[in-house]
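Trainee: Here is the input, now give the coordinates:
(one chain, ligands or ions: 1)
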Amino acid sequence: MIGRLEPLVIGDLELPLPIVQGGMGVQVSTSSLASAVAECGAAGTIAGVGLGYGTAENNTDYPGASRRALTEEVLKAKAITKGVVGVNLLGALSNFEDLARTAAAAGADFIASGAGLPLSLPSFTEGFKTRLIPIVSSARAAAIIIKAWRKRYSRIPDGFIVEGPLAGGHLGYKPEELKPPRPGQLETEVAEVLAVTQDCERETGAKVPVIAAGGIFDGKDAARFLAMGARGVQIATRLVATLECSVAQAFKDLYLKARSEDLVIIESPVGMPGRAIRTAFVDRILAGERVPFKCGYQCLRTCNPATAPYCIAEAMFNAVAGDLDHAVVFAGQNVTRVHEIVPVRQVLETIAQEIRTALPLPA
Ligand SMILES: Cc1cc2nc3c(=O)[nH]c(=O)nc-3n(C[C@H](O)[C@H](O)[C@H](O)COP(=O)(O)O)c2cc1C
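Mentor: Sure, this is the predicted structure:
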């Protein structure tokens, strides 16, 4: 049973469990995982990237396929749960604006957006009450977004996710900053972003909760950030190892087997490095091999299909389909702590209990 915890308040949303499930593309965090998380009182996140991948119309009408699949996923999750379900969108997507408009119209409770500063995001969700949560890896990025949104839209973000160097997926760092990642860096970044959000709160009177992400596995990890003043934590890697995550069993088995020496930093056509588990495909990329591909739509603004070393969307889709020899399987550094596949509720209730034990009760 989930008992007393400080709720995470995002605008007018109140989450009894101060945990956000990190968005994971391509098709890792779909409605199945997001709705299970939301049912527990945390925030579920559907990753909006590449949801049309694997359908015939993806090749003939990429924007339409992406739009329809995102709407379907949001509605599916909303039919299962009355809890909080949002959408994650990479700023580097060529159809970012279209998908932000689609997510808002479909009724997503929030949009979390990283991989680029989402400076125009508020204009895409006008008329909807979609809460907007930028994902940043520095206080400077947070300050730039606040300044731009206040000036252009007279509004501020509904929260920030601060993602540190231990996270999975694409990372907002230079590759050399990640080999190895500096311990304690997320703590420093959270403290610096808190200084920026607290200034903003003083000036505007509004609340801007900070959510820490990257390397948080258990309640003790989470409590460290909550004690610093973060209002919530984002967890991704651990939630892949659940019954409700819809990826192929081979993907989950790779998580169970991964040791720290299997984790590598790769360069991605997204234009950012990413942390992945070694596979035959990843070894080819690391050896400098180019894996040519056909692309009819260019899903990333940052990718030139004629020169890109490989197709990241295809490699990530192969991962969720279980074709690991041709896959990039992203994972956070703490994947080495994953030892079992269990229901989402078990993971979240364990973490909640650990947070309560680690944090002193309020007087
Ligand atoms: C398989 C995988 C895919 C991811 N895909 C995305 C994505 O599409 N967009 C995004 O903003 N972050 C993505 N991330 C990052 C997570 O949302 C999250 O912030 C981060 O992994 C948190 O750290 P943790 O995995 O240590 O819990 C991904 C992470 C993983 C493991």
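Trainee: Show me how the record splits this structure into domains.
Mentor: Annotated domains of the chain cover 8-246+337-358, 251-330 [automatic domain parsing].
Trainee: and those domains, which is most packed in?
Mentor: The highest average neighbour count among those, using mean count of other Cβ atoms under 10 Å, belongs to domain 8-246+337-358 at a mean of 21. The C-beta positions use only the backbone N, C-alpha and C, and glycine is treated the same way.
Trainee: got the end-to-end distance for it?
Mentor: Using Cα to Cα, to the nearest Å, the end-to-end distance of domain 8-246+337-358 comes to 17 Å.
Trainee: and stretch 262-274, average pLDDT?
Mentor: Mean pLDDT, stretch 262-274: 91.
Trainee: Can you measure across it, start residue to end residue?
Mentor: In stretch 262-274, first residue to last residue: 14 Å (Cα to Cα).
Trainee: Please apply the same query to stretch 234-243.
Mentor: 19 Å.
Trainee: near the ligand at all, it?
Mentor: Yes. Stretch 234-243 is in contact with the ligand by Cβ under 6 Å from any ligand atom, via 234, 235, 236, 237.
Trainee: then stretch 79-94 to CSV, C-alphas only?
Mentor: Below are the C-alpha coordinates for stretch 79-94, written out as CSV (Å, rounded to 0.1, in the frame of the first residue of the first chain):
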residue,chain,number,x,y,z
ALA,A,79,-9.1,4.3,-21.5
ILE,A,80,-7.2,2.1,-19.0
THR,A,81,-6.5,4.7,-16.3
LYS,A,82,-7.7,7.9,-14.9
GLY,A,83,-4.1,8.6,-13.7
VAL,A,84,-1.6,11.0,-15.2
VAL,A,85,-0.3,10.1,-18.7
GLY,A,86,2.0,12.4,-20.7
VAL,A,87,4.0,12.2,-23.9
ASN,A,88,7.7,12.6,-24.4
LEU,A,89,8.9,14.3,-27.6
LEU,A,90,12.5,14.7,-28.8
GLY,A,91,13.2,18.3,-29.9
ALA,A,92,15.2,16.9,-32.8
LEU,A,93,12.1,15.3,-34.5
SER,A,94,11.3,16.7,-37.9
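Trainee: close to the ligand, is it?
Mentor: Yes. Against the ligand, stretch 79-94 shows contacts by Cβ under 6 Å from any ligand atom at 88, 90.
Trainee: got a pLDDT number for the closest residue to residue 168 other than its chain neighbours?
Mentor: Leaving aside its sequence neighbours, residue 168 sits nearest to residue 332 (Cβ to Cβ, 6 or more residues apart in numbering; 3.7 Å). Among the per-residue scores, residue 332 holds a pLDDT of 97.
Trainee: how much space is there between residue 332 and residue 291?
Mentor: Residue 332 sits 25 Å away from residue 291, going by Cβ to Cβ, to the nearest Å.
Trainee: one step back: residues near the residue nearest to residue 168, how many?
Mentor: 27 (other Cβ atoms under 10 Å).
Trainee: do you know how far it is from residue 236?
Mentor: Counting by Cβ to Cβ, the separation of residue 332 from residue 236 is 6 Å.
Trainee: Now for the two: what residues contact both?
Mentor: 167, 168 (Cβ atoms under 8 Å, 6 or more residues apart in numbering).
Trainee: Now for the residue nearest to residue 168: which residues touch it?
Mentor: 166, 167, 168, 214, 215, 236, 237, 275.
Trainee: Same list (those) but as TSV, adding secondary structure.
Mentor: As requested, those are exported to TSV (DSSP: H, G, I helix; E, B strand; the rest coil):
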residue	secondary structure
166	coil
167	coil
168	coil
214	coil
215	coil
236	coil
237	helix
275	strand
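Trainee: Show me where this protein dips below the pLDDT cut-off.
Mentor: For the chain, the stretches flagged by pLDDT under 70 are 1-4, 361-363.
Trainee: And the strands in it?
Mentor: For the chain, applying DSSP state E gives strands covering 8-10, 13-15, 19-21, 43-47, 84-90, 110-114, 131-136, 160-163, 169-170, 210-213, 232-235, 263-267, 273-277, 329-330.
Trainee: in its sheet, what does the fifth one sit against?
Mentor: So that's strand 84-90. Here strand 84-90 has these sheet partners by DSSP bridges: strand 43-47 (parallel), strand 110-114 (parallel).
Trainee: The last one vs the ligand: in contact?
Mentor: Yes. Using Cβ under 6 Å from any ligand atom, strand 110-114 comes into contact with the ligand via residue 114.
Trainee: swap in stretch 124-134?
Mentor: No. Using Cβ under 6 Å from any ligand atom, stretch 124-134 never reaches the ligand; the gap is at least 10.3 Å.
Trainee: Which residues of this protein lie near the ligand?
Mentor: With Cβ under 6 Å from any ligand atom as the criterion, the chain meets the ligand at residues 22-25, 28, 47, 49, 88, 90, 114, 135, 163, 166-169, 213-216, 234-237, 330-332, 334.
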